[in-house]
Each structure stands twice: as C-alpha cells, then as structure tokens.
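Asks: below are the sequence and a predicted model for it; my questions follow.
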Amino acid sequence: MPFIPHTEDDIQAMLACIGVPSIDQLFDEIPAALRSGALTGVPSGMVEMDIARLMTERAERDGRFINFAGAGAYEHHIPAAVWEIATRGEFYSAYTPYQAEASQGTLQLLYEFQTMMASLTGMDVSNASLYDGASGLAEAVLMAVRAHKTSRRVLLPKTVHPFYRQVVNSIVRHQKIELVELDYDPAKGITALPQEKDFAALVIPQPNFFGCLEEVDPLTDWAHAQGGLVIGLVNPVALALLTPPGQWGEKGADIAVGEGQPLGSPLSSGGPYFGFMCCKQALVRQMPGRIVGRTVDLDGKPGFTLTLQAREQHIRRAKATSNICSNQGLMATAATIHMALLGPDGLERVASASHANTIALAEKLCAISGVRKAFAQSVFHETVLQLTIPVADALRALEAQGIIGGFDLTPHYPELGQALLVCATETKTAADIEKFTEQLKRIVERRNAGPSCTKLVPGPNSKW
Amino acid sequence: MLIFERSQANRRNAAQAPSAPVACDDIPAHLRRKTRPLLPEVSEMDAVRHYTRLSQKNFSIDTHFYPLGSCTMKYNPRAGNQFAMLPQLLARHPLSSENTGQGFLACMHELQEILKEVTGMAAVSLTPMAGAQGEFAGVAMIRAYHEARGDMARSEILVPDAAHGTNPASAAMCGYTVREIPTDGDGNVDLTALQAAVGPHTAGLMLTNPSTLGVFEKSIQAIQHIVHEAGGLLYYDGANINAILGWVKPGDMGFDVIHLNLHKTFATPHGGGGPGAGPVGVSARLEPFLPVPMVACESGRYRWLTEKDRPNSIGRLSAFMGNAGILLRAYIYARMLGAGGMQRVAEFATLNANYLMAELAGAGFDIAFPQRRASHEFIVTLKKLKDETGISAMDVAKRLLDKGFHAPTTYFPMLVQECLLIEPTETESRQTLDAFVAALREIRDEAYSQPDLVRNAPHTMPVRRLDDVKAAREPDLVWKG
C-alpha cells in the first residue's frame, strides 16, 4: 500500500484494541446513503518507476526554450546550493513554526529573511512572506486603507502589471474600496502627476510593468502632501541598483511590496513564488501575514518566535488584518539562502548584467527595420518594443525557432499598437541575443516584403 | 549566530554571480541606490554550513512524528519533489504559449478531473494558492451567485464556533457579517440554533466535516436541508477531508462549494509555513463563477480558460496560475495512489486515529467525545491533570518535544479545556503510535512525581521556553547590527 506502513498483523491487532471487526466499522457514524462507490474517474495507482517515466515524458514534450519573457517572472541563475539546502527534509517537511522551541531553524532563517528584505527595500520591518506579488499588492491596498482610516480610494497606475490590477480588484472589491486607474505619459511610459484628491494610497511601481523607471521622488512627495500613503511595488533584484522605496522622496514610501520570485524561485509555470511586504515601524500592527521576532528564553538566551499574532485570523477571527494563514515559507527559505550566497556584490552583478543584456538586446532589435522602442524613458532590465507586424505572429514564428520572444502587450494596451515586452536577464549570452535578433529580423523582413500574409496566420488548431 | 554575524566585508562568491561587473550609466543618478543593502558577505561553504545547521534545529515530518490535529502532517513522498523539479518544468515561463506546455497542462487538467471525482463537484479551479485563498474564492463565488440572481439581502455567513479562524476571516474579506453557531454536547452543530439563525439574510454556512472536534457531522443531511431551504449555500472546508477521502464525496452531502488543502490531504510539503495550494470545487450552479485561469481539454489539446471564456468568473487570485509546482506534487501523489490508494488514505487515517484514541483511553486519558468514533483526529482533554497537578496542556506539549515527538495541536478548538487535538495520519506505523502513547504516560507520571520537570520543559531543544510577551511588546523584527 503506497505510503501506508501497516502489516496485516498490525491491522488485526489495532482493530482488536479498538474492538471492531473491520476498518469499515469505523465509518459507522456516516449515513450509509452518503457512502460513495468506487472512484471510477481516478486512474489506478502507479509505482515510482512509472510516474518517473510519465513525468519525464511530459517534461520532455514541453522542451526547453531560450526565454526573453519577463513580465513579472524573471529567469535568473539559482545557485546550486539554494535548492539543495531548501529541500532538506528539515525545511521542506516542517510545519509552520508555532512550536518555537522545535522550530528555531525556520524561525531564525525567517528573521534573517526579514532583515534582508527590510534592508533591500529600505524599510523598518518585514513580514515572513505572502502568497505572491499580485496578492501581496492586494494586501498592501487593504492595509493602506486600514491605516488611512478616512478614505477608501486607492490610485492604481496603468503602468502596474495588468494581472496584478485584476488580482487586486478580485480581492478588494467586496470591501467598498475604489480603485482609481491612473494614465501614463504616452511618450515616456511613466505615470504623470495625477490630479486626484482624497485617496488612501498611491501605488508606485518601480520599475513599472513596461520596465520604465518612474519618477518616484515627486510622486511620493505629491502623495504625502495630499495625505495619502505610498505603496512601492518593486522588483527585489532591481533594488540592488535602484533607490529603495524607504528613501523615495522626503519621507519614503510607507509600504513596500513585490514579487519575490527573482530571488531563487524557478519560473515553474508561475509558481510557487512568494510575495514580500515591508513597511514603516508605525504600520507594523496593520501588516498581514506571519512575522518572526527575536526574544529571549527562560535563561535569557536569544531565540526566535512568531509574534504580533493578535493581528492574525487564528486569534482575531473575523476581525483579523487578513484571512491569510499559510505563507510561502519554503520560497522565503530559498530566497534567504539565495541572497546569502549572492551577497550585496553578487546581487548587484546580477542586476547590472540583466540590465546591460536588455539594453544590448533592445539596441540590436531596434536596428531591424520595423522594430522601435515605444518609450524614451530609462528602463531597468525590460523594455517595450513596437513592431510593424502582429506581435502574436512574431512570437509564434520565434517559438518555432526555440525562442520565447517576450510578452505580447497588444491585448492589454491596445493604444500601443503592436507592442512587445522583452527582457534579457544575466542568463542570456551574446549568442542568445544574436540568435533572437537574426530570427526576428528574418520574420519581420519576410513579413514586410511579402503580400498580405493573413492567410498564413495559423488557426487555433495549427501545429507549430 | 546570525548569518550577518558570519559576514566579512568584501568576501564574495565568485562562482555564483556574473563575473564581470557592468556599469549601468544609463540609469539616472537620482534613481540609483546610494548605499548597498545589508546582505551577508559569506563564502558558499559558510552559507551552506549555516543553513544546514539551522535546518538541524527544526522538527519536521522527515525527522519526527508530528501529530498536529487538523494539519494532516503525513509523509511527503520524495517522488513528488523530484519529478516536479524536472528541468523543463522548472524552466517554463508562465506566459509562454500553451504549445510549450502541453505536458504540464495535461498534468493540471488531469488533476482538475481527479479532484472533481474525489469531491463529487461539477468543476474545479486549481488557482487558489492556499486554503485561506480557496475559502476566499468560495465565499466570493457564493456572493457572486446571490448577486447574479438579484438576491442582494443575503449579508450573513454562518460559521460553527469550532471552525478554523480562516473561515470567519475569509467571510469578512468578502464583505459578510459572520454569525457563530454553537456546538451541541455531542460535538455536532446545534440544529435548533442553526434553524433559528437562518433566513433571507443567510448567504451560506461554512462547515468542516469531520469537524475540528474530530467527529463526523451526523446531521449533515438535516443541516443541508435547513441551509438550502433558507436559500443559503453550503461551503465545505476541506481541511479534514483526509478522514473521508474516497469514502464520502462532499458533493453527495449537498455542498455547493469546497476547497481542498493539497498540503494536507495530497501530501505536498508544508515547507515551514507554505506554500500550500487550495483548489476550489463547485456544484453546477456555481460553475460560471470559478476563479481563472482554468485548464480545458479540447480535442486532445490543452488550453487556458481565462476571463474571455468565463466572463462571470470572480477573477484572478494570483498573477499567473497559482502554485503550479505544488499542484504538480499533488498530481504525482494522486497518480501514485490511484483510486484504491485514495480510499486507503481515509481507512488508515481513521484506523490510526481510533487506535491511538483507544490506547490513550485505555491508559486513562480523558477523551473529549468518548461516545463518538474518531474521524482522522480526536481530542484529549487534560483538565483533570491540570486540576490535580497544575500541569497544563501546553506543559505536556513542550515536554513531548523532549521525548522526540512534535506536540499535537493545543488549545484548539477552544471549546474543550486543556485540549490536545491529535491527528496521526495514515503514514505512521502502529509502533510509532505505541511509542507516542508511552511518552504521554511517562509525562503524566512526571506531572505527579516531578512537576517542575514538565513545567519547565523543554530541556533538550536549542532554546528553552521563549518570552512571547517581550516579543510582542518590544518587537525586534530585523537585525540592526
């Protein structure tokens, strides 16, 4: 029996001890009418060798591509030691560290995580992770509204990831919160100073979804002057190079939140990743999620424990700061080891190499007739290109050459025309960039040279 | 010692980062960071040693018996980890096309189908990232259903007083008022109170069955009738479905919405606090509202279903598709178990719980509901021990750590004084359960003969009992050097 250790002798001895003739008898409190029959829709079991073959076949069917897509999930090198250590059973199979004395490993690690994240973001405190960046932003919006007390309006620029905006809407919509969309400067791709009053918070993405660098200082000072809070939505790798939210403007952002995936989480079709959240000291009791604190034991020796639990659902129930219970502890574990291995210098090298690769890629691609930059603004490690041919077609043709060419912005930002978001992290070589350039050049030129190619656009059932 | 205290200025790992530093002069100076973040500067070996040693300060399923009630700490098969971490699966970008993910999507679609079958629901969405997010999705769907019918008066969600704290918190996040329903002396929902509570303002009832008291809700059919008659919907908190997996389908009990905790029932790792996964299943009338994305299979080809296909969806709950890698682990587990293996989960989880309950009762421990069968878990109350010796459930829990066992859940549910909620799961052997009983007997003896030994436990952990009051009053949440 898979994963069940009982021998026939064990079963008989156990039933005798309970005083029942059969295991079936143990279910006698369940009304007979509710008993389900055989699970006909579940296949029969597989031994490990067979599941190994099945999973390997499926993984190989999906294959490997040279990836130039970012858009919220970034391919970075993860040092070998990160997952070697994170998947040690003592981390991998441990529960939430409620029994602090038996969980000092996880607790100390999370305290180190909080320290690293607070320092990266320039904030006072950090929690021990949230589900992901998008839901983390929703939690930040709820937190800002709680902290502001009088307004329930939150300014959400269009330069925030479109999926993040959808997630925020899904999560906060039942609490009478108004999300106000802010437009962007069409030439620069950044948020203009808005004409708004009476709001609880302004969200400032840095870099924004287009890769463009927002003018964070005037935006922060403006929002504070209006009496609103500032939520910085940031990429943690970018923070090796960019001003941390805690230092934006005169007073700094109030909450910093973001997707932690670039710190050691594999792309893995979208998860698991982790959200991080940091804030100013004054807001800590409004923060959702688990928080680790350092304290002392009976002998005065330092130790670590989950703290400020009066915010959480298992204590406050319907009045908790959030319904969140679990977090993404294992991903935070990997991120901590990742940051320890890279150190400040390594993280800066990753950030600058990623940025330099993207700049090099954009230059090469923009040398192709029919490809140009969408915005004049400075960027970090990601940028928007406009094409004279349909981006969807270009991506399909690139995919046939083993290249994921980026993310098609056209459905999300129709005003940009045929727009492609590209990113080349430190994992891309000069040869990768050259191959992408050659292929896109070929595709664009062929398309521009030929007659109308609409007939060549594959239907939904075409094989590529 | 913290990793920061092992740090030496300018020590770096040359092998782990790009070799040549690059100037990024195109980034304007006023947007550039002025001082480096406080990250440790240690060698690879320093980091590996430090975190390996930290790991050794943890209890975990791989090292200890972990009878945490309502947490289902079963063994996490290593196959799940190894085959979810195949290089192609890890490298796949979430926004790459469906053509590049037919193998992955096949796993997700089959998992949806398997979960449909075991829950008896009409459709499943895998996207919620945790049980609490599944609850949020479920309640949001209840709300969407009533609103779509123009039934706007339903403002209240009913929750039994024994429920997990996430239930009322999730209902509140969906804008509902929460009303608690008391439990009767037998551990069941108080039907009279329920009947009195329901009405045109009732949006739904959230129920865990078997409940957190470790007993199957015998009156489930009557409850179902009362709530549905009043026009409310029935929500199944799947936290305890390990007890009935393959035996009873929540859909057959009349539930309209369910969430599952894959990190419990489907053996995915707890990871020191997460990631979990909380797929939701619904009956046909709620299907249009399921969160996106979902996976469809059309003529053998898999594709995402998004807002475009499902305009009435409650929307997106994560940037991409939730905790894909965890879903893969659950899929691998489900395929290894198969239909027969799933039924055995409930059988042996129940056998282990009832055996442990019988052994502890035989050893003279007070069972909270001795007249009831244990489901996959049960409650011991140590009130008598507390009265006679002053030793509390917390003291016993801490002393268990010294004996090499993780403590059961303590002081939850709050209805039972000095309680231990014990869930052995199906993956533990009889011999382990016997050793646990022996440890509890020893501790009880110690409570009478050497109470200070128990009161001051643990003695063998890296730290002794911690000052939680100091931690909360003077929060030290980041290292300041």
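Replies: Arrived safely, thanks for sending. Residues are numbered from 1 along each chain as shown, chains lettered A, B, ... in the order given.
Asks: which residues touch residue A:15?
Replies: Shown in contact with residue A:15 (Cβ atoms under 8 Å, 6 or more residues apart in numbering or on different chains): A:21-23, B:351. C-beta here means a position set from N, CA and C on the backbone, and glycine is covered the same way.
Asks: only the buried subset of the residues you listed, as a ChimeraX command please.
Replies: Buried residues within the contacts of residue A:15, by 16 or more other Cβ atoms under 10 Å in any protein chain shown, are selected in ChimeraX with:
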select /A:23 /B:351
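Asks: show me which of the contacts of residue A:15 is closest to residue A:383.
Replies: Proximity of those to residue A:383 (Cβ to Cβ) peaks at residue B:351, which lies at 60.4 Å.
Asks: pLDDT value on residue A:458, please?
Replies: As summarised for this prediction, residue A:458 has a pLDDT of 46.
Asks: same list (the contacts of residue A:15) but as CSV, adding secondary structure and distance to residue A:373.
Replies: What follows is the contacts of residue A:15, written out as CSV (DSSP: H, G, I helix; E, B strand; the rest coil; distance: Cβ to Cβ, whole Å):
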residue, secondary structure, distance to residue A:373
A:21, coil, 77
A:22, coil, 73
A:23, coil, 68
B:351, helix, 66
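Asks: using JSON lines, lay out the contacts of residue A:15 together with distance to residue A:113.
Replies: Listed next are the contacts of residue A:15 as JSON lines, based on distance: Cβ to Cβ, whole Å:
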{"residue": "A:21", "distance to residue A:113": "53"}
{"residue": "A:22", "distance to residue A:113": "49"}
{"residue": "A:23", "distance to residue A:113": "44"}
{"residue": "B:351", "distance to residue A:113": "40"}
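Asks: just give me the neighbour total for residue A:386.
Replies: When counting by other Cβ atoms under 10 Å in any protein chain shown, one arrives at 19 neighbours for residue A:386.
Asks: in a strand, it, correct?
Replies: Yes. Read with DSSP: H, G, I helix; E, B strand; the rest coil, residue A:386 is one of the residues of a strand.
Asks: does it really touch residue A:374, like I thought?
Replies: Yes. Shown here, residue A:386 and residue A:374 form a contact pair, counting by Cβ atoms under 8 Å, at 5.0 Å.
Asks: between those two, what contacts are shared?
Replies: With Cβ under 8 Å, 6+ apart, residue A:386 and residue A:374 have common neighbours A:416, A:419.
Asks: now do the domain split for chain B, please.
Replies: Annotated domains of chain B cover B:3-55, B:79-337, B:343-455 [automatic domain parsing].
Asks: mind checking the pLDDT average for the first one?
Replies: By that I understand domain B:3-55. 95.
Asks: could you tell me the end-to-end distance of it?
Replies: Chord length of domain B:3-55, first to last residue, is 13 Å (Cα to Cα, to the nearest Å).
Asks: so in chain A, which helix runs the longest?
Replies: Determined from DSSP state H, the single longest helix within chain A is helix A:329-366.
Asks: check which element follows that one along the chain.
Replies: Downstream of helix A:329-366, the next assigned helix or strand under DSSP states H and E is strand A:371-373.
Asks: that following strand packs against which elements?
Replies: helix A:329-366, strand A:383-387 (3 or more Cβ pairs under 8 Å, 6 or more residues apart in numbering or on different chains; DSSP states H and E).
Asks: partner strands of it, parallel or antiparallel?
Replies: Neighbouring strands of strand A:371-373 in its sheet, by DSSP bridges, are strand A:383-387 (antiparallel).
Asks: quick one: the strand it pairs with to chain centroid distance?
Replies: 23 Å (Cα atoms, centre = their mean, to the nearest Å).
Asks: now that strand: mean pLDDT?
Replies: 98.
Asks: buried residues in it, which are they?
Replies: Buried residues in strand A:383-387, counted by 16+ other Cβ under 10 Å: A:383-387.
Asks: in contact with the closest residue to residue A:48 other than its chain neighbours, which residues?
Replies: Excluding the flanking residues, the one nearest residue A:48 by Cβ to Cβ, 6 or more residues apart in numbering or on different chains is residue B:79, at 5.0 Å. Listed by Cβ under 8 Å, 6+ apart, the contact set of residue B:79 reads A:48, A:51-52, B:332, B:336.
Asks: hey, where'd the strands end up in the stretch 201-350 of chain B?
Replies: B:202-208, B:233-238, B:257-260, B:280-282, B:294-298, B:301-305 (DSSP state E, counting those that start in this stretch).
Asks: now the fifth one against strand B:301-305, angle please.
Replies: Per axes from the mean of the first three to the mean of the last three Cα atoms, to 10 degrees, the angle that strand B:294-298 makes with strand B:301-305 is 150 degrees.
Asks: neighbouring strands - and their directions - for strand B:294-298?
Replies: strand B:301-305 (antiparallel).
Asks: I'd like the strands of the stretch 201-350 of chain B laid out as TSV, including distance to residue A:148, mean pLDDT and mean neighbour count.
Replies: Formatted as TSV, the strands of the stretch 201-350 of chain B follow (distance: least, Cβ to Cβ, whole Å; pLDDT from 0 to 100; neighbours: other Cβ atoms under 10 Å in any protein chain shown):
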stretch	distance to residue A:148	mean pLDDT	mean neighbour count
strand B:202-208	28	97	26
strand B:233-238	32	96	29
strand B:257-260	31	97	29
strand B:280-282	32	98	31
strand B:294-298	36	98	17
strand B:301-305	37	98	17
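Asks: which residues touch stretch B:442-451?
Replies: Counting by Cβ under 8 Å, 6+ apart, B:364-365, B:385, B:388-391, B:395-396, B:399-400, B:403, B:453-454 sit against stretch B:442-451.
Asks: how about stretch A:240-248 against chain B, any contact?
Replies: Yes. Against chain B, stretch A:240-248 shows contacts by Cβ under 8 Å from any Cβ of the partner chain at A:240-244, A:247.
Asks: which secondary element of chain A has the worst mean pLDDT?
Replies: When each helix and strand of chain A is scored by mean pLDDT, DSSP states H and E, helix A:313-316 comes last, with a mean of 86.
Asks: so what pairs up with residue B:189 in the strands?
Replies: For residue B:189, the beta-bridge partners under DSSP bridges are residue B:183.
Asks: what count of nearby residues applies to it?
Replies: 25.
Asks: any idea how far residue B:440 is from it?
Replies: Distance from residue B:189 to residue B:440, counting by Cβ to Cβ, to the nearest Å: 30 Å.
Asks: one more: residue B:85?
Replies: For residue B:85, the distance to residue B:440 equals 38 Å [Cβ to Cβ].
Asks: residue contacts, residue A:41?
Replies: Neighbouring residues of residue A:41 by Cβ under 8 Å, 6+ apart: B:113-114, B:116-117.
Asks: how about a cut-off of 6 Å?
Replies: residue B:117 (Cβ atoms under 6 Å, 6 or more residues apart in numbering or on different chains).
Asks: go on, the one 10 residues further on?
Replies: If a contact means Cβ under 6 Å, 6+ apart, then residue A:51 has B:332, B:335-336 as its contacts.
Asks: ok so the residue nearest to residue A:48 is a strand residue?
Replies: No. According to three-state DSSP, residue B:79 belongs to no strand; its state is helix.
Asks: tell me the secondary structure of residue A:256, please.
Replies: Taking three-state DSSP as the rule, one finds residue A:256 in the strand state.
Asks: with adjacent residues omitted, what lies nearest to the most centrally placed residue in chain A?
Replies: By Cα atoms, centre = their mean, chain A has its centre lying nearest to residue A:259, at 3.5 Å. Closest residue to residue A:259 apart from its sequence neighbours, by Cβ to Cβ, 6+ apart: residue A:133 at 2.8 Å.
Asks: so the one you found touches residue A:258, yeah?
Replies: Yes. Between residue A:133 and residue A:258 a contact is recorded at 5.2 Å, counting by Cβ atoms under 6 Å.
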